[in-house]
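A.B. asks: Provide a 3D model corresponding to the input given below.
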Amino acid sequence: MKDYELVNKFIEGDQGSIEVLINRHKNRVYTYILLIVKDQQLAEDVFQDTFIKVIKSLQKGKYQEKGIFVSWVVRIAHNLIIDHFRKSKHLKTYSSDDNEMDVFNIKKLSDDNIEDLMINDQIAVDVRKLVDLLPDEQKEVIMLRHFGGLSFKEIAKQTEVSINTALGRMRYALINLRKMIDEKNIILTRQ
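C.D. replies: Take a look at the predicted model:
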């Protein structure tokens, strides 16, 4: 059965179809998560949270068949990873009780100023919007290469195409991104 058929069966109440989907895509999703977080325990937690969110989203009718199911799942995993790192960054604290030196005035421990953070966030949002406009095959290669850190050999294996096809999709994705940046007059650097 195709992914969309299993999704529809799950929405209609067949609990077994979600197990088939999870088993079908677990290696790919887990590998993607592990490549980014580089911690097995954290990867397992994010993986579990990803499929909990997938199940809840499917039950609420939030999934629309606009592309490849696994790409949608990877996007959910990616967003959960970003959320995790944002939370962990805010939880870091330093104490200067036992030191004569004030650790809060050390440059390497300081965060970027709010303007830098806003600019970086806006650039990330702009790039993400542009990537979402790409054809599914090109979007998938960009996500796996730049957000997943996979080699082209790994991308070719996971997407079941030749390395040349994966490279070609990346080439066309970059051409299309440059074209959209020019057409929309988007600036992706600090002024």
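
A.B. asks: low-scoring pLDDT stretches of the chain, where are they?
C.D. replies: 66-67, 89-121, 188-191 (pLDDT under 70).

A.B. asks: domain assignment for it?
C.D. replies: 1-92, 107-191 (automatic domain parsing).

A.B. asks: if I pick Ile55, what's in contact with it?
C.D. replies: Going by C-beta atoms under 8 Å, 6 or more residues apart in numbering, Ile55 touches Ile18. For glycine as for every other residue, the C-beta is placed from the backbone atoms N, C-alpha and C.

A.B. asks: any idea what it is structurally, helix, strand or coil?
C.D. replies: helix (DSSP: H, G, I helix; E, B strand; the rest coil).

A.B. asks: Starting from Pro135, give me the distance back to the most centrally placed residue in the chain.
C.D. replies: Nearest to the geometric centre of the chain sits His78, at 2.7 Å (C-alpha atoms, centre = their mean). According to C-beta to C-beta, to the nearest Å, His78 stands 19 Å off from Pro135.

A.B. asks: for Asp45, same thing?
C.D. replies: From Asp45 to Pro135 the distance is 33 Å (C-beta to C-beta).

A.B. asks: quick one, which of the two is more surrounded?
C.D. replies: Asp45 (15 against 12; other C-beta atoms under 10 Å).

A.B. asks: how far away is the more buried one from Val127?
C.D. replies: From Asp45 over to Val127 (counting by C-beta to C-beta), the distance is 27 Å.

A.B. asks: can you check Leu6 too?
C.D. replies: Leu6 is 32 Å from Val127, by C-beta to C-beta.

A.B. asks: same check, this time on Ile76
C.D. replies: 19 Å.

A.B. asks: These two: which has the busier surroundings?
C.D. replies: Counted by other C-beta under 10 Å, Ile76 and Val127 do not tie: Ile76 has more neighbours, with 20 against 16.

A.B. asks: check contacts around that one.
C.D. replies: With C-beta under 8 Å, 6+ apart, Ile76 has these contacts: Thr50, Lys53, Val54, Ser57.

A.B. asks: which of those residues lies closest to Leu144?
C.D. replies: Thr50 (15.7 Å; C-beta to C-beta).

A.B. asks: hang on, isn't the closest one packed against Asn79?
C.D. replies: No - contact criterion C-beta atoms under 8 Å: Thr50 and Asn79 do not qualify, at 9.1 Å.

A.B. asks: out of these two, which sits in the more crowded spot?
C.D. replies: Legend: neighbour count by other C-beta under 10 Å for Thr50 and Asn79, higher for Thr50 (24 against 12).

A.B. asks: can you tell me the helix or strand for that one?
C.D. replies: helix 40-59 (DSSP states H and E).
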